[in-house]
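**Q** Sharing a model prediction with you, sequence too.
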Amino acid sequence: MRRPLLLALGLLLLHHSCCFEFVINGDWEDEEPGVDLHQERQKRAALTSDEDQTVEAVRGDDITVNSYRVESRITSRFAHTSVRSSVVNSGSRAQSIGFNVQIPKRAFISNFTMNVNGITFVGSVKEKALARRLYAQASSRNKAAGIVRTNAQELETFTTEVHVPPGSSVAFELHYQEMMERRLGMYQHNLFLQPGRPVPHFQVDVYLYEPKGISKLETPNTLGERFANLIHVTATKDKAHVVFKPNLHQQRKCENCSGSAIDGIFSVKYDVTRDSNAGELQVSDLYFVHFFAPSNLSPLPKNIVFVIDVSGSMWGVKMKQTVEAMKAILDDLKMEDRFSIIDFNHNVRCWSEELLPASPLQVADAKRYVQNIKPTGGTNINEALIRAAQMLVRANSQGFVDPRSVSMIILVSDGDPTVGEIKLSKIQKNVKRVMTDELSLFSLGIGFDVDYDFLERIAMENRGMAQRIYANHDAAEQIRAFYSQVSSPLLKKVTVHFPEGTVTDVTQSHFDKFFGGSELVVAGKVQLSDSNTLTSFTSASAASLQLNLETEADITELDLELAKQQHSFTGFSRQMWAYLTIKQLIRERSLVTTVGKKRKITKQITELALQHSFVTPLTALLVESEDATERLLADSARDPRHGCCSGVQTLSGPPSISMLYATPPPWVQVPITTPSSQVLSGPLETALPPTVNLVDGDPHFIIRLPGSNMDVCFNIDSKPGHILSLVSDMGTGVVVNGQLISSKQPHKNRVSSYFGIISVYHQPAGVSVKVGTDRIYMADGRSSHSFTWGATADIVQDSVTISIVKNSHVTVTIDNSIRVTVLLHRVWRKHPVNVDFLGLYIPSNNQYSPLVHGLIGQFSQEPEVSVYDVHEGPDPLKEEATMEVKGHTLRVTRGWQKDFRHDRKRGSNVYCWFVHNSGKGFIDGRYGDYIMPDLNSFLQTV
């Protein structure tokens, strides 16, 4: 007869927004109506008592832990982690054995199983009310449940306790899933390891697969020096395996110690290879994920108002840490930034009533002001935020700030409003009313004596986000780390959209801002069609640029690759879509004000969580034996008004800025579609010009003379590194210059030269475009940006448009009257001689001024040319003739050169009369006259 088991299981998924609950029958209950503010603060403060509690992975007085294994499979930034442990009750009496796992707050538990003396308990996600009813049937038969929580900054605790007879064995297995969020240019996967004792079979495996490749991989020494050489990494271009497998001796704290030295976070940090600024589009299992993390863009100037709580509750370490952080942040401001500081208690004071430039003098004065702040009095959040918004609005309306700039408020507070308007809903409305669409609000809540849920709502509603700052010794570093992630805005008004009828159920696809080092992620379902390719279009504003980027993906290719990978997570795209959708719906739920809307969203969250096996604030994991007579409940906390479980994306510590919120919700929306007429052409996939003057190859010039119905060719025998003037027009302010590069080594005793850089400069706009074989660079004197050849893109700045066609060509258009097209020639990287090079194609109908010159520009005014005395030359295939041009009589040879506009590999033959000696007599002066000092130089008189 099977012995009865006393089972207790607790799970608390309390995200960083949790503030307080009552403990009722082992659960955290919602706040009861009528509780006064003082009681609320006492309850919130009480939650800090467990912040530093020790959580051993396996707990028991006389037990043997045979194994403890952790395995993470990360595929395309989505991680599936399993934790397994096998334990034996070695004592002579029955006892409780605990199994504890600390997991990231952003993670969703997906399953838990347990085997006790051959009895297997299997988990299944249920709607919360149903799970509780089923569990109640078991608990009424003397089964019990408890919930344990922790306030550790990055983690929350899953805990199980099983009462087992002597000699019994227990095997635990927990699974959870999370999306890796990019922060400051890296993804970080953390595993909390605290076995409590040496384990014979202890092992951690992290398997990483990124289809585009892994550009960086680090394993920080977070467990201590003694373990530094025990972390082994095996990596290829797109895969990595990180192993941590210390033996029993290596795990011990000392030679004769019974305790384990393993106590802390095991971390793997990495970043991925990015082909282009257009992003990475992946399709698997008919779900897509679009990752967008452009780089090499100049940051936008910032207008910041820092709003600092200096009420009496900030006295002591909170104020000291805030002042320390503020001084470092002020030092980080750039000259083009403008700022001010507002500090508030029961009164509101301004360091400056207007935004001031971040000059060294102003920054020094602001640091002195902050240093002298003395906390005292009450908390008037309402007036402080309204004053900050009005200051930014006034600066914008009066033209005191750069139109390219980004305006934001950063609020730092540790308490609830106690002076002035104290009703939170009224403050929320007041702030919303004065915040224009150009402003964003970021809220930092210090400690637990603060209504974090309110700070989060008010931030999300105003295109920002909130972050809890833990009031300990490193609070200053937490504040600085948060600021680092919002200190480099690169883009505004980012939108990702798809051709009509190609996708459905798209997650958030509009983003107010993109910050450097982060990543925007959009996911959805792919509609079946005749095409095997999915295309995405991304539009955004960068400085004075307007960007339109295009990328595409094969809808079957990734699945074939995943099938070959032994340790990949094949369902990553489906789970990532559900993960993002649920997270965004929970945010929306926290903002809605009507019961009907809240119920509708609750239903959506519950249905998705059940379909994808996620334990959320609205679902629970029911763990039961095969005959359903023994049941355990893995239950998240209920959803109280003051923040528990409502803010679910970003965990504590440095926040992720990978998603910045558009207004208004909902987050899950019908995708913006592109009219079919636009989709066919793509963003500015400009046709190559039909009639051109060109230079390509080594370098071979072909000049079209339509009046004489002939083409004339010449080579320029110059040296690598020389910059040649191709078009120089002081009348329109346009310069096109090219810099030569050489082949890797001589071929037939000759070193070939090619154009490696083509520069187009428009002096009136101050815009310079430099096209290289690896990237395309653009600068305007104030900022610079770069783009790869790996994606189709359309960039517009003032009168200059840059159209990039993926791995093919770039067209620069100036004032819609002058076009320059640059072709990219790729060669085999290991070729012993050849190198990548560029070809230049300039339409004959460009509208220059009469002042135009240069090796190509001078022929915009066609010279009179006469060719006669055509006769056979030494080579029967090449006739010779006499040419009269510009008062010169030249010997010319009939030959051909290549035009690569229509056949990129072989080119098309263009028959022409070839002028020898670097075009001498055909071009004005000598070729040496066309050598320029730099890429933006105009040609002087020839």
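**A** Great, that's in hand.
**Q** roughly how far apart are the closest residue to Asp815 other than its chain neighbours and Ala543?
**A** The shortest distance from Asp815 to any non-neighbouring residue, by CB to CB, 6 or more residues apart in numbering, is to Ser799 (4.8 Å). (Glycine included, C-beta is placed from N, CA and C.) Counting by CB to CB, to the nearest Å, the separation of Ser799 from Ala543 is 15 Å.
**Q** of those two, who's got more company?
**A** Using other CB atoms under 10 Å, the more surrounded residue of Ser799 and Ala543 is Ala543, with 22 against 14.
**Q** I'd guessed the more buried one sits against Arg782; true?
**A** Yes. Between Ala543 and Arg782 a contact is recorded at 7.3 Å, counting by CB atoms under 8 Å.
**Q** list the residues that contact both of those two?
**A** Both Ala543 and Arg782 are contacted by Ser298, under the criterion CB atoms under 8 Å, 6 or more residues apart in numbering.
**Q** ok, the residue nearest to Asp815 to Cys912 distance?
**A** Ser799 is 34 Å from Cys912, by CB to CB.
**Q** what do you get for Gly118?
**A** For Gly118 relative to Cys912 (CB to CB), the value is 88 Å.
**Q** Same check on Phe755?
**A** For Phe755, the distance to Cys912 - CB to CB - is 19 Å.
**Q** Could you do Phe288 as well?
**A** In terms of CB to CB, Phe288 sits 49 Å off from Cys912.
**Q** Also Lys770?
**A** To Cys912, Lys770 is 29 Å away according to CB to CB.
**Q** next one: Thr538
**A** Thr538 sits 43 Å away from Cys912, going by CB to CB.
**Q** same question, Tyr287
**A** 54 Å.
**Q** what's the answer for Val727, then?
**A** Applying CB to CB, the value for Val727 to Cys912 is 20 Å.
**Q** ditto for Ile373
**A** 77 Å.
**Q** Show me which of those two is the more surrounded one.
**A** Taking neighbours as other CB under 10 Å, Ile373 and Cys912 compare with Cys912 leading, 23 against 18.
**Q** Which stretches in the stretch 251-400 of the chain count as strands?
**A** 264-272, 280-284, 287-292, 302-309, 338-344, 348-350, 356-357 (DSSP state E, counting those that start in this stretch).
**Q** returning to that earlier point: wait, the residue nearest to Asp815 sits on His762?
**A** Yes. Proximity of Ser799 to His762 meets the contact threshold set by CB under 8 Å, at 6.8 Å.
**Q** what do these two both touch?
**A** Counting by CB under 8 Å, 6+ apart, the residues touching both Ser799 and His762 are Ile814.
**Q** Check which residues of stretch 766-785 are buried.
**A** Across stretch 766-785, burial judged by 16 or more other CB atoms under 10 Å covers 767-773, 776-780, 783, 785.
**Q** Using PDB, write out every CA atom in that stretch.
**A** C-alpha atoms of stretch 766-785 as PDB (Å, rounded to 0.1, in the frame of the first residue of the first chain):
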ATOM      1  CA  GLY A 766      26.900  69.900 -45.900                       C
ATOM      2  CA  VAL A 767      26.200  66.300 -46.600                       C
ATOM      3  CA  SER A 768      29.000  63.900 -47.500                       C
ATOM      4  CA  VAL A 769      28.300  60.300 -48.700                       C
ATOM      5  CA  LYS A 770      31.300  57.900 -48.800                       C
ATOM      6  CA  VAL A 771      30.700  54.600 -50.500                       C
ATOM      7  CA  GLY A 772      33.200  51.900 -49.600                       C
ATOM      8  CA  THR A 773      33.300  48.200 -50.400                       C
ATOM      9  CA  ASP A 774      32.300  47.300 -46.800                       C
ATOM     10  CA  ARG A 775      30.000  50.100 -45.700                       C
ATOM     11  CA  ILE A 776      28.300  53.300 -46.800                       C
ATOM     12  CA  TYR A 777      29.000  56.300 -44.600                       C
ATOM     13  CA  MET A 778      27.000  59.600 -44.400                       C
ATOM     14  CA  ALA A 779      28.000  62.700 -42.500                       C
ATOM     15  CA  ASP A 780      26.500  66.200 -42.200                       C
ATOM     16  CA  GLY A 781      29.000  68.000 -40.100                       C
ATOM     17  CA  ARG A 782      27.100  67.400 -36.900                       C
ATOM     18  CA  SER A 783      26.500  63.700 -37.000                       C
ATOM     19  CA  SER A 784      27.700  60.600 -38.900                       C
ATOM     20  CA  HIS A 785      26.000  57.300 -39.800                       C
END
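**Q** how about Arg574, secondary structure?
**A** At Arg574, secondary structure determined by DSSP: H, G, I helix; E, B strand; the rest coil is helix.
**Q** ranges for the strands of the stretch 501-650 of the chain?
**A** So, for the stretch 501-650 of the chain - with DSSP E, counting those that start in this stretch - the strands run 503-504, 510-515, 520-526, 533-542, 545-554, 619-625, 631-635.
**Q** do you know which of these lies nearest Ser808?
**A** strand 545-554 (12.4 Å; CB to CB).
**Q** which other helices and strands contact the closest one?
**A** Contact here means 3 or more CB pairs under 8 Å, 6 or more residues apart in numbering; DSSP states H and E; on that basis strand 545-554 packs against strand 280-284, strand 533-542, strand 792-797.
**Q** Partner strands of it and their direction?
**A** strand 533-542 (antiparallel), strand 792-797 (antiparallel) (DSSP bridges).
**Q** Just the buried residues of that strand, please?
**A** So for strand 545-554, counting by 16+ other CB under 10 Å, buried means Leu545, Leu547, Asn548, Leu549, Glu550, Thr551, Glu552, Ala553.
**Q** now the strands of the stretch 251-400 of the chain as TSV including distance to Ile422?
**A** Output for the strands of the stretch 251-400 of the chain, formatted as TSV (distance: least, CB to CB, whole Å):
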stretch	distance to Ile422
strand 264-272	40
strand 280-284	47
strand 287-292	41
strand 302-309	14
strand 338-344	14
strand 348-350	15
strand 356-357	32
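**Q** so where's the stretch 801-942 of the chain shaky on pLDDT?
**A** Across the stretch 801-942 of the chain, nothing is flagged by pLDDT under 70.
**Q** picking that back up, want to try a markdown table for the helices and strands packed on strand 545-554, with mean neighbour count and mean pLDDT as columns?
**A** Shown next, in a markdown table, are the helices and strands packed on strand 545-554 (neighbours: other CB atoms under 10 Å; pLDDT from 0 to 100):
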| stretch | mean neighbour count | mean pLDDT |
| --- | --- | --- |
| strand 280-284 | 25 | 96 |
| strand 533-542 | 21 | 94 |
| strand 792-797 | 23 | 90 |
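**Q** Tell me how many other residues crowd Val820.
**A** Count around Val820 with other CB under 10 Å applied: 25.
**Q** The one 4 residues further on now?
**A** Here the count is done by other CB under 10 Å, and Leu824 has 23 residues near it.
**Q** List the contacts of the nearest residue to it once chain neighbours are set aside.
**A** Closest residue in space to Leu824, ignoring its immediate chain neighbours: Trp789 at 6.0 Å, by CB to CB, 6+ apart. Trp789 makes contact with Ser276, Asp774, Arg775, Ile776, Ile804, Lys806, Asn807, Leu824, according to CB under 8 Å, 6+ apart.
**Q** residues touching the second one, list them.
**A** Residues near Asp774 by CB under 8 Å, 6+ apart: Thr788, Trp789, Asp836.
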